[in-house]
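Trainee: After the sequence you'll find the predicted model.
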Amino acid sequence: MSLPPHAVRKLVVEVIDARDLLPKDGQGSASPYVVVDFDGQRKRTKTAVRSLNPQWNDKLEFVVSDPAAMEAEELEVEVYNDKRMGGSSGGARKNPFLGRVRICGSQFVRRGEEGLIYFPLEKKSLLSWVRGDIGLKIYYYDDVHKGEEKKHEQPDQQQEQHPPPPGEEKKEPHSDQIPLAPTETANETQEPPPISVVVVEEVPLPEPAPPLHPPVAHPPVEEHHPPEVPQPEVKRMQMATPLDKVKVSRQTNGGDYFGPKVISGRFSSSSPGETTERVATAYDLVEPMQFLFVKVVKARGLHPCENPYVKVRAGAQVKRTKPARDNTCNPEWDQVFSFSHGKPESTLEISVWDSAPPEAFFGGVCFDLSDVPVRDQPDGPLAPQWYRLEGVDDRNPTTPVTGDIMVAVWIGTQADEAFADSWNADAPYVSYTRSKVYQSPKLWYLRVSVIEVQDLHFPGPVPGHPVNVRVNIQLGFQSSRTRRSVPNGNATSFSWHEDLLFVASEPLDDQLLVLVEDRSTKAATLLGHTMISVATVEQRLDERPLPSKWFNLEGGAAPPGGGPSYSGRLHLRLCLEGGYHVLDEAAHVCSDFRPTAKQLWKPAVGVLELGILGARGLLPMKTKGGAKGSTDAYCVAKYGKKWVRTRTITDSFDPRWNEQYTWQVYDPCTVLTIGVFDNWRMFADLVGERPDYRIGKVRIRVSTLESNRVYTNSYPLLVLLRSGVKKMGEIEVAVRFACPALLPDTCAMYTQPLLPRMHYLRPIGVPQQEALRSAAIKTVAGWLARSEPPLGPEVVRYMLDADAHTWSMRRSKANWFRIMGVLAWAVGLARWIDDIQRWRNPVTTVLVHLLYLVLVWYPELVVPTGFFYMVLIGSWYYRFRPRVPAGMDVRLSQADTVDPEELDEEFDGVPSAKPDDIVRARYDRLRTLAARVQTVMGDFAAQGERVQALVSWRDPRATRLFIGVCTAAALVLYVVPPKMVAVALGFYFLRHPMFRDPMPPASLNFFRRLPSLSDRML
């Protein structure tokens, strides 16, 4: 520790805070202050009034007279209660003593290396009673004289006089002449979904348009200036155990940036105990939106033409029909248009034209929109009427206009049954923008039991190679192969007795291809095959055995001497399992648990109603013309076998859908999934076939919804990207679970198995279940892709969490902290018992003594008291019940604290595409984590081996001691009544800390000294 010239060494003691001090003022509290003594210098902090967990944050400086001897000095820190701040117990004149700490000079560190350390408070004498810890920062520095400092600062000041010239501005790249291009964020969303840790990136929201509801509270955001996200401020540093919670204040715009928000409106008054009265309309969860509907049916009496069409104009909105079905003088269109009626126009023009050049005008009809009828639910559809065509063709003014047109014009809402199939004037590519309802295909498990094969013909045995006959079965894209065969004592007969499972979908028009192969060499040799129609396979609803069948094989090696193409026969047992539920979703977020066979379904317990109101503040997902940002968003919701898709709102960052859908609920312990996507297929003629980009999704568990209550909330749309977790906007939904609150069937549902009966009678292994789930997802995606408009495979995979089980360090950490959260109850109970033991609250400890005496003397009250205590706990936590259905939790997912290296590993596919050195480093890190797990497993094994060592005589002395103690305990328990023993043990366990030794008890020391088998490990 050499000291620079002209310098004085100073010791700094920062007294930060203290924890869990002993109350000394006679009122259950204390007013502590700290006195620090070093090298004859004595200083004190301010007094923290009436606090057992005081915070001072005082900085005390001391001069070190002899720096060379500083390590031999001692720093003494004492804590006292200031009796002037409140009545203190007793009549002592001095301030009551609360504890002290002595720190040797060798523990002092230089400034910059210090840290907050909590020291346990010690007694001053044997009869002192203290508790708690004090947090200190202790360091030293060398204070150089000001004259010397100026000499050292001059060169720095000279350098600062010549700042480097500012860099040139970056020129914006020349925009390509491409009509549409995805933004950087959109491209990032299309990468494989991540599974590990992420950096939080907060993106400012565009200013929302005025909503139709009372407005939702959004944080004020300046346009084109993303807010500066402050670093998380650690309020308190401490040397904590892994179970201690470190409080981090996260400052974000608008409060809970990633949490759901309640939308105020007409449903906000629905309290938990209040039943919302049903409105007599199918659209009572969303805002009614008025549309002008025009149904063009047909025309008659037109002049001869090639390809007539109808043009409909409502103000600035113009739309034309498809080509007519019949190109004669009586064409038919039968087409419905819907125009947004938010800003009503005065007139509606309907005109008939011939598309053959030059276009000829056949006449038109003009409607005054003030006279158009308004259709209210549940009115039937408006009947179309004939209207005479009028007007004059400017090109041929002498040609008279003849003919009539049949149309129907009315004003309705999105609840109109014609709205779903109408051509919306706001959408340029209608076929890909309509709202639709889809149904997943009916899926079956196809079980193929391969029993044996006979009469095989081998082309020629390979010397030195054992015969390896296997059966390979293919169903569509699925393929599975049996294990190695077992000879039946005959060179041409082999057996397996193995079950193979496949996923089959209705209509059952696929063919099952069965191949028998010889894999004795590297190149497999086909010995025979057969084709089986899946439609001919028998269906089974329970575990009853089905008869097996023999199938002739063809196409193998010809038998000796020629003859018919007979290659042997195969013994199979086939059945379509209707008693299973084919999982296409992850089990923890499944929306349906019904078996395939409809005969096994139970009646519905309620109705789930979802109102998709709209979205706010979506990020631009594409650029139009190379400059303007745009988003064409639509929403998809999935529950059970039913998928719904809203219409696409084009070129809007705040789309309003206001569409409502319903599902039958057969099990309340299921999950509704809602996703938002950006539509790219509507531009297929411009950019080719491109998948739709995901914007985010939300899950809502039905069992968390109270019966008949409307929840109108806004949820953040979060996507995990390579750059971190990003908020893409917010979605506003209204949801209601319409069900009698105490329906017996609903309550009985909680006592029944989650999965159908066959899952427990003949369970499917976890690896096989995951493989079948992947096949089911691919089957559902292929089915929905054939719809019109198609629901893309990328949408289906994202909604069904197809990559939920891939490796992720982030998920591993999240699951670990979930385990710690579960164990927090046990840790809290242990801390409460420790507080009772230490008499931190004497009143509580005395009450526990009394309760213990009552339970020992009346043991029949133990069980009822335990149940009554659980009732009290449940009643207490009713105050803190969640008021809003939870969405995605960023903190629970460990997405707000991430290492970039782990995030990069999460996005890396299998096999890895990274360089060898990176893969090697990640493998070494994985080995390090595995070594920790290995150590923990060894510690658990050692504890169990020590228990066995009590009576195994591996340590003769320890076993003799244990047997002797057991003998003495048996004699005492024979003589002393058990109630007296229980009272004595309980009072000994709860004895006052004054009579407690801080060292571990003798029984624990004895147990730790017992031998384990660790010393025998190589």
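Mentor: Right, received. Where do you want to start? Quick caveat: nothing in here was measured; it's all calculated off a predicted structure. Numbering: from 1, shown residues only.

Trainee: all contacts plus neighbour counts: C-alpha atoms, from now on.
Mentor: OK.

Trainee: Okay, now the unreliable bits of the stretch 251-400 of the chain?
Mentor: 251-257, 264-283, 327, 342-345 (pLDDT under 70).

Trainee: would you list every one of the strands in it?
Mentor: 261-262, 290-300, 308-314, 317-320, 332-340, 347-354, 360-368, 385-388 (DSSP state E, counting those that start in this stretch).

Trainee: what would these look like in a markdown table with distance to residue 870 and mean neighbour count?
Mentor: What follows is these, written out as a markdown table (distance: least, CA to CA, whole Å; neighbours: other CA atoms under 10 Å):
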| stretch | distance to residue 870 | mean neighbour count |
| --- | --- | --- |
| strand 261-262 | 31 | 18 |
| strand 290-300 | 53 | 21 |
| strand 308-314 | 66 | 22 |
| strand 317-320 | 65 | 16 |
| strand 332-340 | 57 | 21 |
| strand 347-354 | 69 | 19 |
| strand 360-368 | 70 | 18 |
| strand 385-388 | 70 | 14 |
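
Trainee: wait, which of those is closest to residue 505?
Mentor: The closest of the strands of the stretch 251-400 of the chain to residue 505 is strand 332-340. By CA to CA, the value is 34.1 Å.

Trainee: Can you tell me the strand partners of the closest one and which way each runs?
Mentor: When pairing is defined by DSSP bridges, strand 332-340 lines up against strand 290-300 (antiparallel), strand 423-424 (parallel).

Trainee: Quick one: closest of those to residue 916.
Mentor: Of all these, strand 423-424 comes closest under CA to CA, at 54.4 Å.

Trainee: tell me what the helix or strand just after the closest one is packed against?
Mentor: Once the chain leaves strand 423-424, the next helix or strand it forms, by DSSP states H and E, is strand 436-439. The elements that strand 436-439 packs onto, with contact taken as 3 or more CA pairs under 8 Å, 6 or more residues apart in numbering; DSSP states H and E, are strand 642-645.

Trainee: Is it possible to get TSV of the strands of the stretch 251-400 of the chain that adds distance to residue 581?
Mentor: Below are the strands of the stretch 251-400 of the chain laid out as TSV (distance: least, CA to CA, whole Å):
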stretch	distance to residue 581
strand 261-262	35
strand 290-300	42
strand 308-314	50
strand 317-320	47
strand 332-340	40
strand 347-354	53
strand 360-368	55
strand 385-388	51
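
Trainee: what's around residue 976, how many residues?
Mentor: Residue 976 has 10 neighbouring residues, counting by other CA atoms under 10 Å.

Trainee: tell me the mean pLDDT over stretch 102-120?
Mentor: Averaging pLDDT along stretch 102-120 gives 83.

Trainee: List the backbone torsions phi and psi for the closest residue to residue 749 other than its chain neighbours.
Mentor: Residue nearest to residue 749 in three dimensions, not counting chain neighbours: residue 667, with 7.0 Å by CA to CA, 6 or more residues apart in numbering. According to degrees, to the nearest 10, the main-chain angles of residue 667 amount to phi -150, psi 120.

Trainee: centre of the chain versus stretch 581-588, how much separation?
Mentor: 16 Å (CA atoms, centre = their mean, to the nearest Å).

Trainee: That stretch: end-to-end distance?
Mentor: 14 Å (CA to CA, to the nearest Å).

Trainee: ok, residues contacting it?
Mentor: 443-445, 503, 590-591, 593-596, 755-756, 772-774, 776-777, 800-802, 804 (CA atoms under 8 Å, 6 or more residues apart in numbering).

Trainee: Restrict those to the buried ones and give me that as a PyMOL selection.
Mentor: If you want just the buried ones from the contacts of stretch 581-588 in PyMOL, going by 16 or more other CA atoms under 10 Å, the selection is:
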select buried, resi 443+444+445+503+590+591+593+594+595+596+755+756+772+773+774+776+777+800+802
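
Trainee: Who are the contact partners of the residue nearest the centre of the chain?
Mentor: The residue lying closest to the centre of the chain (CA atoms, centre = their mean) is residue 888, at 5.1 Å. Residues near residue 888 by CA under 8 Å, 6+ apart: 259, 698, 699, 718.

Trainee: and the second one, how far is that from residue 120?
Mentor: Separation of residue 698 from residue 120 (CA to CA): 47 Å.

Trainee: on that earlier part again, out of the strands of the stretch 251-400 of the chain, the one nearest residue 510 is which?
Mentor: strand 332-340 (37.1 Å).

Trainee: how about JSON lines for the strands paired with strand 332-340, with distance to residue 11 added?
Mentor: Output for these, formatted as JSON lines (distance: least, CA to CA, whole Å):
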{"stretch": "strand 290-300", "distance to residue 11": "77"}
{"stretch": "strand 423-424", "distance to residue 11": "78"}
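
Trainee: So for residue 613, which of the ones you listed sits nearest?
Mentor: strand 290-300 (14.6 Å).

Trainee: Give me the residues contacting that closest one.
Mentor: Contacts for strand 290-300 (CA under 8 Å, 6+ apart): 310, 329-342, 384, 403-414.

Trainee: now stretch 971-982: how far from the chain's centre is it?
Mentor: 55 Å.

Trainee: Now do that stretch: distance from first to last residue.
Mentor: Stretch 971-982 end-to-end distance (CA to CA) = 15 Å.

Trainee: Can we start the residue count at 476 from this point?
Mentor: Sure thing, new numbering starts at 476, so read that last one as stretch 1446-1457.

Trainee: Can you give me the buried ones in stretch 968-984?
Mentor: Neighbour-count burial for stretch 968-984 [16+ other CA under 10 Å]: 968, 969, 970, 971, 975, 976, 977, 978, 979, 980.

Trainee: residue boundaries of the helices in the stretch 1076-1225 of the chain?
Mentor: Counting by DSSP state H, counting those that start in this stretch, the segments of the stretch 1076-1225 of the chain that form helices are 1159-1162, 1219-1224.

Trainee: before we move on, back to that, I'd like to know how far the residue nearest to the centre of the chain sits from residue 735.
Mentor: From residue 1363 to residue 735 the distance is 9 Å (CA to CA).
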